[in-house]
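Asker: Sequence first, predicted coordinates after that:
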Amino acid sequence: MSSSLGTLFRVTTFGESHGPGVGVVVDGCPPRLAIDAEDLQRDLDRRRPGQSRLVTQRDEADRAEILSGVFAGYTTGTPIAVLVRNADHNPAAYEHLRDVYRPSHADFTYDAKYGFRDWQGGGRASARETVGRVAAGAIARRLLKTAAGIEVLGWVQSVADIDAEVDDSAVSLEDIENHPTRCPDPAAAALMSEAIENARRTGDSLGGTVTCIARGVAAGLGEPVFDKLDADLAGALMSLPAAKGVEIGSGFAGTKMTGLTHNDPFEATEAGLTRTAGNRSGGIQGGISNGENILTRVAFKPTATIASEQKTVTRDGEETTLAAKGRHDPCVLPRAVPMVEAMVLLTLADHFLRQHAINVLPMLDERP
């Protein structure tokens with residue numbers, strides 16, 4: 001089972017939903033980066049359960065313990081190990097799922113692959129695995145901000161058929177965190193909150209989309225052909241639990257345009273820089289960043305585990321019905337925002353280090 005991501009900035013997550021703890025090992029972080037547990041905690045607090053009525057009520061403080069790789073407030077260049085202990089885990093609450101497959105959940109597919117599964121909250125298939133991703137993403141955030149001034153922000157763009165109106169060039173963290181939905185459009189946020197509460201009351205769930213912007217990314221990140229920046233971003237984002245689709249820039253809407261209307265014209269700035277007048281490319285052309293804001297959108301399906309009765313089968317192939325018990329998100333979107341940010345941050349950190357690794361020689365005075 002692969003639990004690692006990245007080439008130079010490489011992360012490996014570990015742990016299960018209802019085991020002793022979850023965490024991550026980050027290998028390849030440069031030395032002398034100022035960081036402490038509180039830097040990680042800010043993002044973990046945005047991901048943790050129990051933070052509002054709109055999410056699962058599992059009571060976890062998710063306090064980060066840095067076990068290695070940091071000394072006197074600075075990274076040492078050696079692997080950074082982070083542990084978050086599980087406190088409010090209750091495996092007995094999932095006893096009714098021991099031999100029953102939840103519809104649209106990973107229960108059946110894990111069993112089909114391994115012939116064995118952790119039924120206690122889903123094990124590695126649980127969104128609790130993302131604790132390690134978010135902790136690693138916080139390290140990547142500090143690295144990118146310190147070394148290159150890069151900022152990454154995500155927000156809830158839609159829930160079900162409720163779509164927000166957001167100016168991505170101006171949206172701020174304060175705007176996003178002003179409402180438990182993490183939607184910076186107050187009118188849409190109120191409607192989303194009502195819809196999520198209604199889904200919880202009726203034993204159902206909702207899906208939606210998260211938009212993420214990366215500002216300050218220089219041109220040149222990404223590798224030709226198979227390791228394109230947009231390909232790696234898509235792969236990282238699609239690895240998130242419940243993710244079912246990714247768009248870069250104009251995405252599928254671009255298919256309804258012509259080349260003339262979709263192309264981003266180049267223009268020269270007063271400082272002599274090459275920029276584009278528009279950004280339908282989403283900051284990436286030919287798999288390489290072009291210096292504009294990188295814009296991604298991720299679609300998340302409705303949460304699979306719901307309290308309403310559904311048809312399913314047992315491990316022995318007997319038909320039955322299931323109304324799941326336990327503590328589950330009626331909508332993953334509010335807690336998915338820091339997860340999406342983490343995957344964008346990890347991908348950008350890896351490509352940032354890869355770009356600097358190949359450009360060790362001075363630029364040519366004359367171009368061939």
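Answerer: Structure received.

Asker: At which residues are the helices of the stretch 251-368 of the chain located?
Answerer: In the stretch 251-368 of the chain, the helices defined using DSSP state H, counting those that start in this stretch lie at 259-262, 333-358.

Asker: any chance you could map the strands in the stretch 251-368 of the chain?
Answerer: Here the stretch 251-368 of the chain has its strands, by DSSP state E, counting those that start in this stretch, at 266-268, 274-276, 284-285, 288-289, 294-300, 310-313, 319-322.

Asker: how about JSON lines for those, with distance to Leu143 added?
Answerer: All C-beta spots, glycine's among them, are computed from the backbone N, C-alpha and C. Putting those into JSON lines (distance: least, C-beta to C-beta, whole Å) gives the following:
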{"stretch": "strand 266-268", "distance to Leu143": "30"}
{"stretch": "strand 274-276", "distance to Leu143": "25"}
{"stretch": "strand 284-285", "distance to Leu143": "20"}
{"stretch": "strand 288-289", "distance to Leu143": "16"}
{"stretch": "strand 294-300", "distance to Leu143": "16"}
{"stretch": "strand 310-313", "distance to Leu143": "44"}
{"stretch": "strand 319-322", "distance to Leu143": "44"}
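
Asker: Tell me which of the ones you listed approaches Arg117 most closely.
Answerer: strand 310-313 (14.6 Å; C-beta to C-beta).

Asker: List the buried residues in that closest one.
Answerer: The neighbour-count criterion (16 or more other C-beta atoms under 10 Å) identifies Thr312 as the buried residues of strand 310-313.

Asker: Which neighbouring elements make contact with it?
Answerer: strand 319-322 (3 or more C-beta pairs under 8 Å, 6 or more residues apart in numbering; DSSP states H and E).

Asker: Can you give the distance of the strand it packs on from its chain's centre?
Answerer: Relative to its chain's centre, strand 319-322 lies at 33 Å (C-alpha atoms, centre = their mean, to the nearest Å).

Asker: Show the contacting residues for the nearest residue to Gly254 once chain neighbours are set aside.
Answerer: Across the structure, with C-beta to C-beta, 6 or more residues apart in numbering as the measure, the residue nearest Gly254 apart from its sequence neighbours is His262 (5.3 Å). Counting by C-beta atoms under 8 Å, 6 or more residues apart in numbering, His262 makes contact with 250, 254, 280.

Asker: Can you pull the phi/psi pair for the closest residue to Thr202 other than its chain neighbours?
Answerer: Setting aside the residues directly before and after it, Thr202 is nearest to Ser308 in space (C-beta to C-beta, 6+ apart), at 7.3 Å. Backbone dihedrals for Ser308, given as degrees, to the nearest 10, come out at phi -70, psi 150.

Asker: ok, now which ones touch Ser308?
Answerer: Ser308 makes contact with 202-204, 323 under the criterion C-beta under 8 Å, 6+ apart.

Asker: how close does it get to Pro330?
Answerer: Distance of Ser308 to Pro330, computed by C-beta to C-beta, to the nearest Å: 11 Å.

Asker: Identify the contacts common to those two.
Answerer: Shared contacts of Ser308 and Pro330 (C-beta under 8 Å, 6+ apart): Asp204.

Asker: what's the spacing between stretch 16-32 and its chain's center?
Answerer: Worked out by C-alpha atoms, centre = their mean, stretch 16-32 lies 16 Å from the chain centre.

Asker: For that stretch, measure first residue to last.
Answerer: For stretch 16-32, the first and last residues are 32 Å from each other (C-alpha to C-alpha, to the nearest Å).

Asker: Now do the buried residues in that stretch.
Answerer: Using 16+ other C-beta under 10 Å as the burial criterion, the residues of stretch 16-32 that qualify are 16-19, 21-29.

Asker: And for Gly208, nearest residue in space, chain neighbours not counted?
Answerer: Sequence neighbours aside, Val159 is the residue nearest to Gly208 in space, at 3.9 Å (criterion: C-beta to C-beta, 6+ apart).

Asker: Show me the beta-bridge partners of that neighbour.
Answerer: Ile162, Gly208 (DSSP bridges).

Asker: Surely it touches Ala190?
Answerer: No: in this structure, Val159 sits apart from Ala190 without contact. The criterion is C-beta atoms under 8 Å, and the distance is 11.3 Å.

Asker: out of those two, which sits in the more crowded spot?
Answerer: Relative neighbour count places Val159 above the other of Val159 and Ala190, with 28 against 14, counting by other C-beta atoms under 10 Å.

Asker: Which pLDDT value goes with that one?
Answerer: In this model, Val159 is scored at 98, pLDDT.

Asker: just to revisit the earlier point, looking at the helices of the stretch 251-368 of the chain, which is buried most?
Answerer: Each of those was scored by mean neighbour count; the highest is helix 333-358, a mean of 24, by mean count of other C-beta atoms under 10 Å.

Asker: now that helix, how far from the chain's geometric center?
Answerer: On the basis of C-alpha atoms, centre = their mean, the separation between the geometric centre of helix 333-358 and that of its chain is 9 Å.

Asker: Stretch 26-39 too?
Answerer: Remark: stretch 26-39 is offset 20 Å from the chain centroid, using C-alpha atoms, centre = their mean.

Asker: before we move on, what about stretch 5-24?
Answerer: Taking C-alpha atoms, centre = their mean, one finds stretch 5-24 lying 14 Å from the centre of the chain it belongs to.

Asker: Show the average pLDDT along that stretch.
Answerer: The predicted model gives stretch 5-24 an average pLDDT of 93.
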